[in-house]
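Chemist: build me a structure from this.
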Amino acid sequence: MAEQTHVLFVEDDDVIREATQLALERDGFAVTAMPDGLSGLEAFRSNRPDIALLDVMVPGLDGVSLCRRIRDESSVPVIMLSARADSIDVVLGLEAGADDYVTKPFDGAVLVARIRAVLRRFGHAGTGHAEDGAAAVDGSVLTFGELEVDTEGMEVRRDGRPVALTPTEMRLLLEFSSAPGTVLSRDKLLERVWDYGWGGDTRVVDVHVQRLRTKIGQDRIETVRGFGYKLKA
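Modeler: Numbering: from 1, shown residues only. Model prediction:
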């Protein structure tokens with residue numbers, strides 16, 4: 001029997017927490033549910049889940065702060081849950097290191113689909129969309145000025161020093177490096193990196209591009225207004 005995917009679910013509303021836990025367990029997930037951020041952090045450290053679902057507004061340690069603490073210790077995928085599609089909530093969660101977010105109230109099937117999409121991304125960082133355009137060194141290392149991307153070893157170096165990227169950031173960089181100088185739209189990046197087969201919130205793309213820029217160089221990824229982003233060759 002295949003090992004169950006372990007979900008850490010932090011939600012202070014008893015009804016939502018219990019109903020969502022039951023729904024996830026029916027879909028085959030093992031769930032550890034906690035009512036506040038401090039107990040959620042303790043459960044994360046004790047159980048090392050495969051994915052974390054964090055409500056933004058939980059007592060003790062709010063979801064955004066909990067996400068930051070988790071991200072300091074692990075690259076485990078994180079999905080934020082927010083009671084509203086408020087720009088501040090969404091951006092704060094993504095900037096804290098979350099990989100995606102879902103707005104409450106949510107349909108159980110939609111939540112499961114988003115969880116599975118994130119897990120698929122983390123299960124294989126490669127994108128499979130390689131195109132011509134980048135110079136290759138030793139077969140798998142692409143070089144863009146001071147930036148080196150090892151597409152087989154899944155490692156990135158800037159000025160010879162390793163750059164720590166989350167799996168989502170790595171997939172995003174692989175998309176850019178597979179087609180340097182080519183403009184990639186936000187919708188295309190949502191489809192390829194976030195595995196969205198439907199329209200998604202492009203703020204997810206924008207925030208992750210900003211996070212990636214801080215790590216590989218602000219001028220390495222260029223914004224093409226009205227169209228999307230491209231990696232400077």
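
Chemist: next, the distance between the ends of stretch 171-185.
Modeler: End-to-end distance for stretch 171-185, by C-alpha to C-alpha, to the nearest Å: 15 Å.

Chemist: pull out the buried positions in it.
Modeler: Arg171, Leu172, Leu173, Leu174, Glu175, Phe176, Ser177, Ser178, Ala179, Pro180, Leu184 (16 or more other C-beta atoms under 10 Å). Heads up, the C-betas are built off the backbone N, CA and C, glycines and all.

Chemist: out of those, which sit inside helices?
Modeler: Within the buried residues of stretch 171-185, residues falling in helices by DSSP state H are Arg171, Leu172, Leu173, Leu174, Glu175, Phe176, Ser177, Ser178.

Chemist: circling back: the buried residues of stretch 171-185: which two are farthest apart?
Modeler: The largest distance within those, taken as C-beta to C-beta, falls between Arg171 and Pro180 and amounts to 16.1 Å.

Chemist: please parse the chain into its domains.
Modeler: 6-123, 136-231 (automatic domain parsing).

Chemist: how about a markdown table for these, with mean pLDDT added?
Modeler: A markdown table is the format used below for the domains of the chain (pLDDT from 0 to 100):
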| stretch | mean pLDDT |
| --- | --- |
| domain 6-123 | 91 |
| domain 136-231 | 88 |
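
Chemist: which of these sits most buried?
Modeler: Comparing those by mean neighbour count (mean count of other C-beta atoms under 10 Å), domain 6-123 ranks first with a mean of 18.

Chemist: tell me how far that one lies from the chain's centre.
Modeler: Taking C-alpha atoms, centre = their mean, to the nearest Å, the mean C-alpha location of domain 6-123 is offset from the chain mean by 12 Å.

Chemist: stretch 4-22 too?
Modeler: Taking C-alpha atoms, centre = their mean, the mean C-alpha location of stretch 4-22 is offset from the chain mean by 20 Å.

Chemist: quick check: end-to-end length of it?
Modeler: Stretch 4-22 has an end-to-end distance of 15 Å (C-alpha to C-alpha).

Chemist: same question for stretch 41-57.
Modeler: From its first residue to its last, stretch 41-57 covers 15 Å (C-alpha to C-alpha).

Chemist: could you do stretch 5-13 as well?
Modeler: 23 Å.

Chemist: strands of this protein, start to end?
Modeler: All strands of the chain, identified by DSSP state E, fall at 6-10, 30-34, 51-55, 78-82, 100-103, 136-137, 141-144, 147-150, 155-158, 161-163, 221-224, 228-231.

Chemist: noted, bye for now.
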